[in-house]
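Student: what follows is a predicted protein model with its sequence.
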Amino acid sequence: MKRCLILFAVLCASTCALAQKADVAFVIGGSFVSDTQKTFLVPSTSLTSTVKTDHHVFYEGAFAVRMLNAEVASLHLELPIAGIPSQTLKFSNVSTVTLNDFSTLFITPGVRLKLLPIAPVSPWVSFGGGWARYTLSGNSNNKGAIQYGGGLDFKLAPVIGLRAEVRDFVTGDPNFGLTSVLTGNDSGLHHHNILVGGGIVLRF
């Protein structure tokens, strides 16, 4: 009888895992942002400076719907939305000037490939593209963005788990919401916003 109950519980858990077609994750962690070189217009002259963005906490929500399940791997459509509030900007040759209310937002729909989706630990990789918004003192500018990354999902129960991940949101150089920017390397995708964190996953 005991063996029958254990077998029944395992079958129920496996059936639930196979039936789950969507998940939502809530992640928090730290940001690592690449430096940017810009030329600014100042009274009577121009000034070229490297802009350094400090490390700050980020928040992310990611919703995904499974499109294909091949047992050893599954393919999901994914919508990660990540934000970094209240970062501090420092200028390499103007040490007395810092700006403290710089924020970023990323929305990059894409795909996620997960290996061993019903195993206790499932590695995955993600790739997508979309939009980034950089804001400073109420002034904003938008950039195209790509996102790539990967992580591990740990199952605690049929409908809940933990996630550890690393994502890089890559854009062109922002102008930081400053209208006094003259030049910068605005074309191409080379401004990295690396987000490292962990959180909770709900499956349904």
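Tutor: Cool, got the structure.

Student: going forward, measure contacts between C-alpha atoms and count neighbours the same way
Tutor: Noted.

Student: give the contact list for Ala164.
Tutor: Neighbouring residues of Ala164 by CA atoms under 8 Å, 6 or more residues apart in numbering: 151-153, 196-199.

Student: now, which of those residues sits nearest Arg133?
Tutor: Relative to Arg133, the closest of those is Val196; by CA to CA it sits at 19.5 Å.

Student: and the closest residue to the closest one other than its chain neighbours, what pLDDT?
Tutor: Leaving aside its sequence neighbours, Val196 sits nearest to Val166 (CA to CA, 6 or more residues apart in numbering; 4.6 Å). Looking at Val166, its pLDDT reads 98.

Student: direction included, what does the helix or strand harbouring Val166 pair up with?
Tutor: Per DSSP states H and E, Val166 falls inside strand 160-171. Neighbouring strands of strand 160-171 in its sheet, by DSSP bridges, are strand 139-157 (antiparallel), strand 191-203 (antiparallel).

Student: next one: that strand to chain centre, how far?
Tutor: Computed by CA atoms, centre = their mean, to the nearest Å, the separation of strand 160-171 from the middle of its chain amounts to 6 Å.

Student: likewise for stretch 92-103?
Tutor: Using CA atoms, centre = their mean, the mean C-alpha position of stretch 92-103 is found 24 Å from that of the whole chain.

Student: before we move on, what about stretch 139-155?
Tutor: Its chain's average C-alpha position is 3 Å from that of stretch 139-155, according to CA atoms, centre = their mean.

Student: just the strands in the protein please.
Tutor: Taking DSSP state E as the criterion, the chain carries its strands at 22-33, 36-42, 45-53, 57-69, 73-91, 94-107, 110-115, 121-136, 139-157, 160-171, 181-184, 191-203.

Student: state the mean pLDDT of the fifth one.
Tutor: pLDDT averaged over strand 73-91 equals 95, rounded to a whole number.

Student: hang on, the earlier thing: the strands paired with strand 160-171: which one's closest to Ile28?
Tutor: Using CA to CA as the criterion, the shortest distance between Ile28 and the strands paired with strand 160-171 is 5.3 Å, found for strand 191-203.

Student: in the protein, what secondary structure element scores lowest on mean pLDDT?
Tutor: Here the helix or strand of the chain ranked lowest by mean pLDDT, DSSP states H and E is helix 2-19, holding a mean of 41.

Student: poorly predicted segments of this protein, please.
Tutor: Within the chain, the set of residues satisfying pLDDT under 70 comprises 1-20, 40-46, 95-96, 176-187.

Student: one more time with 50, if that's ok
Tutor: Along the chain, segments meeting pLDDT under 50 span 1-18.

Student: name the nearest of the contacts of Ala164 relative to Asn139.
Tutor: When the contacts of Ala164 are compared for distance to Asn139 (CA to CA), Val196 comes out closest, at 27.1 Å.
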